[in-house]
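Participant: model the structure of this input:
(4 chains)
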Protein chains: 4
Amino acid sequence: MSAKLKAGILGATGTVGQRFVILLSNHPQFIVHAIGASPRSAGKRYFDTTKWKMTIPIPENVENMLVSQCKPEYFKECDVVFSGLDADVAGDIEMEFLKADLAVFSNAKNYRRDPSVPLIVPTVNAAHFSIIPYQRKLRSLKKGFLVTNANCSTTGLVVALKPLIDTFGPLESVIVHTMQAISGAGYPGVSSLDIFDNIVPFISGEEEKMEWETLKILGEINADGTAFDLLPETRVSATCNRVPVIDGHLECVSIKFKNQPPPSPEQVTHALENYESIANQIGCYSAPPKSIIVNPEKDRPQPRLDRDNGNGYSVTVGRVRTCNVLDIKFTLLVHNTVLGAAGSGILNAEIALARGLIKQIGL
Amino acid sequence: MSAKLKAGILGATGTVGQRFVILLSNHPQFIVHAIGASPRSAGKRYFDTTKWKMTIPIPENVENMLVSQCKPEYFKECDVVFSGLDADVAGDIEMEFLKADLAVFSNAKNYRRDPSVPLIVPTVNAAHFSIIPYQRKLRSLKKGFLVTNANCSTTGLVVALKPLIDTFGPLESVIVHTMQAISGAGYPGVSSLDIFDNIVPFISGEEEKMEWETLKILGEINADGTAFDLLPETRVSATCNRVPVIDGHLECVSIKFKNQPPPSPEQVTHALENYESIANQIGCYSAPPKSIIVNPEKDRPQPRLDRDNGNGYSVTVGRVRTCNVLDIKFTLLVHNTVLGAAGSGILNAEIALARGLIKQIGL
Amino acid sequence: MSAKLKAGILGATGTVGQRFVILLSNHPQFIVHAIGASPRSAGKRYFDTTKWKMTIPIPENVENMLVSQCKPEYFKECDVVFSGLDADVAGDIEMEFLKADLAVFSNAKNYRRDPSVPLIVPTVNAAHFSIIPYQRKLRSLKKGFLVTNANCSTTGLVVALKPLIDTFGPLESVIVHTMQAISGAGYPGVSSLDIFDNIVPFISGEEEKMEWETLKILGEINADGTAFDLLPETRVSATCNRVPVIDGHLECVSIKFKNQPPPSPEQVTHALENYESIANQIGCYSAPPKSIIVNPEKDRPQPRLDRDNGNGYSVTVGRVRTCNVLDIKFTLLVHNTVLGAAGSGILNAEIALARGLIKQIGL
Amino acid sequence: MSAKLKAGILGATGTVGQRFVILLSNHPQFIVHAIGASPRSAGKRYFDTTKWKMTIPIPENVENMLVSQCKPEYFKECDVVFSGLDADVAGDIEMEFLKADLAVFSNAKNYRRDPSVPLIVPTVNAAHFSIIPYQRKLRSLKKGFLVTNANCSTTGLVVALKPLIDTFGPLESVIVHTMQAISGAGYPGVSSLDIFDNIVPFISGEEEKMEWETLKILGEINADGTAFDLLPETRVSATCNRVPVIDGHLECVSIKFKNQPPPSPEQVTHALENYESIANQIGCYSAPPKSIIVNPEKDRPQPRLDRDNGNGYSVTVGRVRTCNVLDIKFTLLVHNTVLGAAGSGILNAEIALARGLIKQIGL
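Facilitator: Predicted coordinates:
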């Protein structure tokens, strides 16, 4: 298989779509082949119809590509399709693509709760890809499937919790408080008048997502690969805030373990530092050297200084210490538009490819 | 007593000192009589030696006042002395002033833990003034005394917790995450390079202050007015962050009550809305109409829009709801340089005056 | 005439409209009587249909007022009507109101270039009200008329230029470079992703407005009050930038005088400091003590510290010095939503009232 | 000459010094060999004594390097020495290094006006290296010399002016207004309280530097390489502002040509786009593909989107158009800590190496 796989991008002109374009430029395994957006943009050159907001220029091979509508007929040559669609249209469009037997990696929330659709954070629960044969059987698909990645804030949280559960057993409770970057709201997204010299202590639907998605991602897939068992007994309480930061969600986390006495901060730090995900083990191209970086300085992680760790695919943790109320508390940072969005889609596709789930069309 | 009381300000050129100057301008009971700063500033006009950073001009009566050194001899005509001194010098200077039998209201942290010095948030625990006779006896003072106000973040927290304890009984645990404004760090304080497009997830000593001060402020004074009993059994866990906001500390709070079942969010809201502090009851000039304002909108309080509520003396609370892990969670906002600093000193002095603790010199 | 005049506000839910609401609350001469907005808001309570973004609460008398459509029939009892309408609808609506013989003070750009409509910055060219009799005659009006105020950046510029022309004669050329606050773009206006850690070196139509409006405002009205003579011979070159500041437009100005040798920086400073506008002379309620404040410190004016000078009605000037290319350069600051928008409308109405142009309906 | 040249860095712990460390990491021609800082840091590991503020980690080969004092004896093995020293110490230290016959590339202002020291913006006036033989002769040096680079704002300006003078002849006048990023003030530099929601319309000494340095850089070196002739007849007027942007100085420029009629905006654009500097021609490693990028969109350049063009070595120009007062105006952006500071030093050293001016010690 010498040629690169052909990739389609849905919602290519939006914030997540632009990040897909960047992450796929110079990717060794995928090449952008088709880009879709709203009917308003269809038929235009990508350059002309996109308010490009990335800090590096539009890749040359995409700049003049014609945007099509988000219909499967324009993407039938694509080996993988990445969806950065908004939730209000993602439901119908992604279902059409799935029915057309395409392999879809979606950043939208619409199918995250579907019992046959895996919700995968690539450095956490790649094991959940085992549901794909069952999903195909259920929907009579030959090569297509639908995989979702998680909400940006959930993503950071579960990366840090995974090694702790693996090492010290189940969690009784998790309290998490987020300070989320404006890029998470898309473009134009947050009005400058709302967020300059200000914080908005509410993000619609976000707390519910964090509280539920965490239980699916950290739960098990059953033995015959036909269902997910939500994490039992763990209670999650999330509070979400929008802050005047461009990229990078910061989260302050307090946790209580079921097994008492709990591990010490040193033991927790050790478990975090030594975590190795499947994505690392199978050597995925976008997998960061370390899924979790523990920064020992007292005032880290900081969004501006640490968000690009591991090219945005690492979660950075700091301030691991005892909590007076629960057992342990710490602060983590996740790049919300890389690992927290488009990057999870890309890395999920790399894992799926490595596991033989993606079939190259025309080979 | 027709004339205004003479007020001195220590550390008058600093951020807290400037706020004292503003709050005392046009005050019906106090008038600025003497201002002290470091030896470097002593002998100069206030205007010339101050990097004035308030958004209203220097009051005319202070503009040309000569700055003196912070020695009691220059303040002996003052009926009250407000200290906005930095902690590294406040210890010695405030003790000198106390020994000189002056009435000192300090914003510094140095004597907050002293067993004979009350730590008073004026809209919370004015009852703690009852220690003053004992403090005077202990130190052989006739009219002087020392009262401290709390850390800015502690201040917001205890205002909200007070009516809940009064109404529903003791708390088992409190988890609080703060997002604190840059003005809390003084001037020049936080470098712009550290906080633009960024959050610093650490403020030196702040979490310890919140965890301990809360217990003293919300604790009782014993029956003979000779000691404070720290709040027993309540555990407080604080996580403090510096955010790119100019004024106004936002705090996300989760609490668990000792008495179960706990009150509902509606009951908590009702208790908060109907709280009336002693400062309100005795009609202090600076006391806000409401010590606590509950904003029912889903995305409030917000620092820029709500920090000036009650002229900066009210605490604004929003998002009261059930917590999946503890019982109740909510978000609060306190103006860190008004109620959270200089304003508490002023309002404390108004209460002390109303209670007959301040003796006007020369009358 | 004991009762207050009844005021209507068009576009009352927008950014400029909200400022009108604030400025008219507690105004001694006007009281809000009717508020109009888009059909989408009509019929709703003001509180419910407005995304209130001011830092003080909605005045109680307006909070529950019902919003009507912007049709003259709902405003026929109004003695004055203030328009904060967007340009895309202001043209038709304001014309309807004018035809209905109402007195309209508009912040919109639509009629600024109309030869019979005065373009008035209240502290600059109140003399231009002399066109009103002619305007009424032309349109067969009895008591109605239409007055526009200027673009926010133009406003700051002409206030500073007026006393210089009065004192030293005509200008040959003006180069002005603005740094304009985000509130000038309304709400939601500027996306935070466009302006965080950034500057946008372009504001649509703004440079043209500054270059043309300056000539009309600083020009003469002819002897019989029937036409404006644009300022002859002066060339204006404007460059406009959007900067991450909430309120307050800063402008760097270089000017060349026709009469040579030019005045010295000291002479220019003296002329600025001693400028007294008609609005001052007739003692209008909103007229600031000084139309121009010259701040002698080397690093002023600054938006955050100086925008509220004169309650937002003063222009602050600093850094008056020699220019190596033209003659003199200086920096000025104008509060873009007070004097630069709604405030000009209010102060214009106060002047019109003092000059007997407004007839109280029903008296 | 197979091995890399050994580079020393003076002031290595500061903002400019940190940028030198980054730019020299993985450089094909230079390798960091010695790092110097204040006596307070000397003897410590670089990691331990540096408040690292770059967004990528400290390069591994420098992280544990011991910091020495800034004395020539510790740098005698260095083939080149880059100075990021503050002006208050740069004068003495750089002179010591020069006397020790070392090749010094300085970012400090101290010797920029020295008649035998070239002031070189690498993509503008590399021809000024011709003074080096004379400088050596004057000071009896064998291999050492001192080269300075320009002030950050001057740098952006002269890059844009150079091709215009080359193509259309001398300029009569230049008016430039800057909006300069906070990183230009170093660390801790600008207090957040001074620049949040604000602009400071003054930077000490900056306007004078821009007005004078421009004349030296764009002037000629005389025929026998012994003196610089300042640009005659051109008058430059600069106004400098500090704005809330992290990196990237934006400058609005108006110019008048001596030859009339002046070129059209199209002709100016063409000259800018086709400019090729000596650094480009000789293929220096750090030379950007284009020294000047003209962005045709109406709202560019923008600091956050364009500062990294050409890895920070390109100047981006936009909005080329007619000026109502002078002839032509446009807006430019320069990365103030790359081309505007450390990057100029590196690229100057690459040019000097290519021209045979640097002698590798020990070869």
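
Participant: need the per-residue pLDDT for the spatially closest residue to A:Ala181 that is not a sequence neighbour.
Facilitator: Computed as CB to CB, 6 or more residues apart in numbering or on different chains, the closest residue to A:Ala181 that is not its neighbour in sequence is A:Val245, at 4.5 Å. C-beta coordinates here come from the backbone N, C-alpha and C atoms, glycine included. For A:Val245, the model assigns a pLDDT of 98.

Participant: quick one: A:Val245 and A:Gly184 touch, right?
Facilitator: No. Using CB atoms under 8 Å, A:Val245 is not in contact with A:Gly184; the gap is 9.8 Å.

Participant: before we move on, the earlier item: mind checking the SS state of the residue nearest to A:Ala181?
Facilitator: coil (DSSP: H, G, I helix; E, B strand; the rest coil).

Participant: beta partners for A:Ile221?
Facilitator: Counting by DSSP bridges, A:Ile221 forms beta bridges with A:Phe228.

Participant: for D:Pro232, see how far away the residue of the stretch 1-150 of chain A found nearest chain D is.
Facilitator: With CB to the nearest CB, the shortest gap between the stretch 1-150 of chain A and chain D falls at A:Thr55, namely 5.9 Å. Counting by CB to CB, to the nearest Å, the gap from A:Thr55 to D:Pro232 is 41 Å.

Participant: when the two are compared, which one has more neighbours?
Facilitator: Taking A:Thr55 and D:Pro232 together and counting by other CB atoms under 10 Å in any protein chain shown, A:Thr55 has the greater number of neighbours (15 against 9).

Participant: who in the stretch 151-300 of chain A is up against chain B?
Facilitator: A:173-175, A:177, A:179, A:196-202, A:211, A:235-237, A:239, A:241, A:243-246, A:250, A:252, A:254, A:298-300 (CB under 8 Å from any CB of the partner chain).

Participant: secondary structure element holding the residue of the stretch 1-150 of chain A closest to chain D?
Facilitator: Of the helices and strands defined by DSSP states H and E, none includes A:Thr55.

Participant: surely it is in contact with D:Gly312?
Facilitator: No. Counting by CB under 8 Å, A:Thr55 does not reach D:Gly312; the two are 11.7 Å apart.

Participant: between A:Val245 and A:Gly184, which one's more packed in?
Facilitator: Remark: of A:Val245 and A:Gly184, A:Val245 carries more neighbours, 29 against 26, as counted by other CB under 10 Å.

Participant: show the contacting residues for the more buried one.
Facilitator: A:179, A:181-182, A:303-304, B:197-199, B:244 (CB atoms under 8 Å, 6 or more residues apart in numbering or on different chains).

Participant: of the residues of the stretch 151-300 of chain A next to chain B, just the buried ones, ChimeraX syntax please.
Facilitator: Here is the ChimeraX command that selects the buried residues among these (16 or more other CB atoms under 10 Å in any protein chain shown):
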select /A:173,174,175,177,179,196,197,198,199,200,201,202,211,235,236,237,239,241,243,244,245,246,250,252,254,299,300
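
Participant: which of the residues of the stretch 151-300 of chain A next to chain B fall in helices?
Facilitator: Counting by DSSP state H, those place A:Glu211 in helices.

Participant: in strands, which of the residues of the stretch 151-300 of chain A next to chain B fall?
Facilitator: Among these, the ones falling in strands (DSSP state E) are A:173-175, A:177, A:179, A:235-237, A:239, A:241, A:250, A:252, A:254.

Participant: in CSV: those residues, plus distance to C:Pro163.
Facilitator: Formatted as CSV, those follow (distance: CB to CB, whole Å):
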residue, distance to C:Pro163
A:Ser173, 68
A:Val174, 65
A:Ile175, 62
A:His177, 55
A:Met179, 49
A:Arg235, 69
A:Val236, 65
A:Ser237, 62
A:Thr239, 55
A:Asn241, 48
A:Leu250, 51
A:Cys252, 56
A:Ser254, 62
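
Participant: now render those residues as CSV, adding distance to chain D.
Facilitator: Below are those laid out as CSV (distance: CB to the nearest CB, whole Å):
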residue, distance to chain D
A:Ser173, 35
A:Val174, 30
A:Ile175, 29
A:His177, 23
A:Met179, 17
A:Arg235, 37
A:Val236, 32
A:Ser237, 32
A:Thr239, 25
A:Asn241, 18
A:Leu250, 16
A:Cys252, 22
A:Ser254, 28
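
Participant: pLDDT for the residues you listed - can I get that in JSON lines?
Facilitator: Below are those laid out as JSON lines (pLDDT from 0 to 100):
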{"residue": "A:Ser173", "pLDDT": "98"}
{"residue": "A:Val174", "pLDDT": "98"}
{"residue": "A:Ile175", "pLDDT": "98"}
{"residue": "A:His177", "pLDDT": "98"}
{"residue": "A:Met179", "pLDDT": "98"}
{"residue": "A:Arg235", "pLDDT": "98"}
{"residue": "A:Val236", "pLDDT": "98"}
{"residue": "A:Ser237", "pLDDT": "98"}
{"residue": "A:Thr239", "pLDDT": "98"}
{"residue": "A:Asn241", "pLDDT": "98"}
{"residue": "A:Leu250", "pLDDT": "98"}
{"residue": "A:Cys252", "pLDDT": "98"}
{"residue": "A:Ser254", "pLDDT": "98"}
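
Participant: residue ranges with poor pLDDT in the stretch 1-150 of chain A?
Facilitator: A:1-2 (pLDDT under 70).

Participant: quick one, strands of it?
Facilitator: Under the criterion DSSP state E, counting those that start in this stretch, the stretch 1-150 of chain A contains strands at A:5-10, A:30-37, A:67-69, A:80-83, A:103-106, A:145-148.

Participant: tell me how far A:Gly84 lies from chain C.
Facilitator: Per CB to the nearest CB, to the nearest Å, A:Gly84 is found 16 Å from chain C.

Participant: need phi/psi at that residue.
Facilitator: phi -110, psi 30 (degrees, to the nearest 10).

Participant: list the contacts of the closest residue to it other than its chain neighbours.
Facilitator: Computed as CB to CB, 6+ apart, the closest residue to A:Gly84 that is not its neighbour in sequence is A:Val16, at 3.3 Å. Shown in contact with A:Val16 (CB under 8 Å, 6+ apart): A:84, A:107, A:186, A:337, A:341-342.

Participant: tell me which two in these are the farthest apart.
Facilitator: By the measure CB to CB, A:Gly186 and A:Ala342 form the most distant pair in these, at 12.3 Å.

Participant: which one of the two has more residues nearby?
Facilitator: Set A:Gly186 next to A:Ala342 and count neighbours by other CB under 10 Å: A:Ala342 wins out with 27 against 18.

Participant: show me where the stretch 1-150 of chain A has its helices.
Facilitator: Residue ranges of the helices in the stretch 1-150 of chain A, as given by DSSP state H, counting those that start in this stretch, are A:15-24, A:46-49, A:60-63, A:87-99, A:132-139.

Participant: got the angle for the fourth one vs strand A:30-37?
Facilitator: If you take axes from the mean of the first three to the mean of the last three CA atoms, to 10 degrees, helix A:87-99 sits at 130 degrees to strand A:30-37.

Participant: next, the buried residues of helix A:87-99.
Facilitator: Buried residues in helix A:87-99 (16+ other CB under 10 Å): A:89-90, A:93-94, A:97-98.

Participant: and those residues as JSON lines, adding distance to chain B?
Facilitator: Putting the buried residues of helix A:87-99 into JSON lines (distance: CB to the nearest CB, whole Å) gives the following:
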{"residue": "A:Val89", "distance to chain B": "25"}
{"residue": "A:Ala90", "distance to chain B": "25"}
{"residue": "A:Ile93", "distance to chain B": "30"}
{"residue": "A:Glu94", "distance to chain B": "29"}
{"residue": "A:Phe97", "distance to chain B": "35"}
{"residue": "A:Leu98", "distance to chain B": "33"}
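
Participant: how near is A:Asn64 to chain B?
Facilitator: A:Asn64 is 32 Å from chain B, by CB to the nearest CB.

Participant: count the neighbours of that residue for me.
Facilitator: 11.

Participant: with adjacent residues omitted, what lies nearest to it?
Facilitator: Closest to A:Asn64 by CB to CB, 6+ apart is A:Arg45, at 5.3 Å.

Participant: can you report phi and psi for the residue of chain A most remote from its centre?
Facilitator: Farthest-out residue of chain A from its mean C-alpha position, per CA atoms, centre = their mean: A:Pro261, at 33.2 Å. Dihedral pair for A:Pro261: phi -70, psi 150, per degrees, to the nearest 10.
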